[in-house]
Every structure is written in structure tokens, then in C-alpha cells.
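> Kindly generate the corresponding structure for this input.
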Amino acid sequence: MNPQLSFMIKLHGFLLWASVGFLMPVAILIKRMSNREQSGTRLRIIFYVFSVLLATAGAVMSIKYFDNSFNNDHQRIGLAFYIVMWLQAFLGIFRPHRGSKGRSSWFLFHWLVGIAVSLLGVINIYTGLQAYSKRTSKNVRFWTIIFTVEISLILFFYLLQEKWHYILRQGTILRNKPVQPTDREMSPRCQQKQASPEPC
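Residues are numbered from 1 along each chain as shown. All right, here's what the predicted structure looks like:
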């Protein structure tokens with residue numbers, strides 16, 4: 001392998017990691033944290049657009065400089081990723097307005113395609129590391145571990161955000177009375193037995 005091709009493979013990997021392994025997950029976290037705040041929405045859109053541009057640059061590099069025989073998992077998953085990524089981008093651009101008739105169907109489809117983009121992107125980073133190792137005979141264990149730790153931390157924060165406000169309210173005292181859970185936080189069984197003295 002000549003030095004130029006080696007550099008292009010590394011740059012391709014970095015662009016896709018920056019896009020799918022960093023910017024997209026951070027944009028998802030920002031979306032969940034901002035909760036429709038205008039500044040959070042702008043920042044999330046910037047992250048998404050930059051992420052799609054980086055992934056597209058990686059795709060252009062792979063078309064221009066690499067063998068595209070699609071005889072390995074990395075290339076096949078990569079092709080599926082690029083198609084689904086651009087589908088997701090177009091879904092985001094041409095979304096129906098809130099409250100319109102097709103909004104709930106669009107939302108479900110957009111959510112499912114977003115999951116597919118995230119999964120294909122992460123899987124393709126792992127298959128790309130393996131393809132690089134096979135082609136160059138270099139050990140990629142360190143990078144695999146680093147990426148696994150990064151994805152695990154992002155997943156942890158993603159799951160933590162869902163319960164963060166609930167966790168913060170636990171044990172809070174207002175006017176010397178413990179905070180009672182709202183109807184939304186109570187199970188249906190607890191709401192039916194609200195009048196009974198038995199704890200839920």
C-alpha cells in the first residue's frame with residue numbers, strides 16, 4: 001500500500017468517525033437536552049448538517065480513491081448507510097408541520113430511519129476498523145476499545161437524560177412537604193388506588 005492510499009484510508013476513517021461516531025450522537029444529545037429551545041435547535045441543526053457533509057466527503061473519497069467492488073461488509077454497510085443517511089436528511093428537510101395530518105406517520109418513519117442511521121454508522125465504524133486491520137496488518141484493538149468506551153458513554157448519557165429531571169426531584173422538599181409524583185409519573189395502578197392508604 002502506498003503512503004497516499006494509506007493517508008486517504010485514515011482520512012476516510014476519521015471523517016466517518018467525526019460524523020457518525022461524534023457529531024451525530026452529540027446532536028441527538030443536544031436535541032434531548034434542549035427541549036425545543038431555539039439555541040439548542042440551531043446548534044443541533046449545525047451539528048447535523050456538518051455531520052452529513054463530513055460523511056458525504058468520506059463517501060466521495062471512497063468512490064474516488066478506493067476499490068468499490070462491494071465484496072466486504074464494510075463497503076456494503078457503508079453504501080446502505082449513505083442511502084439511509086441522505087433519506088433521513090431529506091425527511092428532516094421536508095417534514096410536515098406540527099398538527100398536520102401526516103405528522104405522526106412522518107415522525108415514526110423519521111425516528112426509525114434515525115435509528116437505522118445510528119446503528120449502521122456505528123457498525124460500519126467497527127467493520128471499517130477490521131477492514132483497515134486486514135488490509136494493513138495493523139492492530140486496531142486500541143481504537144476499537146476507545147470507540148466502544150465513547151459509544152458506551154454516549155449511550156449512558158442518552159439514557160440518563162430521560163430520567164435526569166426525575167432524579168433531581170427525588171427527596172426535594174417544598175414547604176416542608178415531600179414532592180408527590182404527578183399523574184404522568186405514576187403508574188395506572190397507583191392512580192386507581194390513590195385514595196387507598198396502601199402505598200403503590
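> Look at the residue nearest to the spatial centre of the chain and report its pLDDT.
Centroid-nearest residue in the chain: residue 25, 3.8 Å away (criterion: Cα atoms, centre = their mean). Among the per-residue scores, residue 25 holds a pLDDT of 83.
> Is it correct that residue 6 falls within a helix?
Yes: according to DSSP: H, G, I helix; E, B strand; the rest coil, residue 6 belongs to a helix.
> any chance you could map the strands in the protein?
All strands of the chain, identified by DSSP state E, fall at 173-174, 177-178.
> could you show me where the helices are in this structure, in order?
Secondary structure of the chain (DSSP state H): helices located at 3-16, 24-34, 38-65, 73-93, 103-136, 141-169, 188-192.
> which helices and strands sit right next to the longest one?
Contacting helix 103-136 under the criterion 3 or more Cβ pairs under 8 Å, 6 or more residues apart in numbering; DSSP states H and E are the following elements: helix 3-16, helix 24-34, helix 73-93, helix 141-169. To be clear about C-beta, it is placed using only N, CA and C from the backbone, and glycine gets the same treatment.
> One more: the third one?
Taking 3+ Cβ pairs under 8 Å, 6+ apart as the contact definition, the neighbouring helices and strands of helix 38-65 are helix 3-16, helix 24-34, helix 73-93.
> for the record, mean pLDDT for it?
Here the average pLDDT along helix 38-65 is 79.
> Okay, buried residues for that helix please.
Residues 43-44, 47-48, 51-52, 54-59, 61-62 are the ones in helix 38-65 that count as buried (16 or more other Cβ atoms under 10 Å).
> With distance to residue 126 as extra columns, can I get these in CSV?
Output for those, formatted as CSV (distance: Cβ to Cβ, whole Å):
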residue, distance to residue 126
43, 28
44, 26
47, 22
48, 23
51, 18
52, 21
54, 18
55, 16
56, 21
57, 21
58, 16
59, 18
61, 19
62, 17
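> That's all I had, so thanks and see you.
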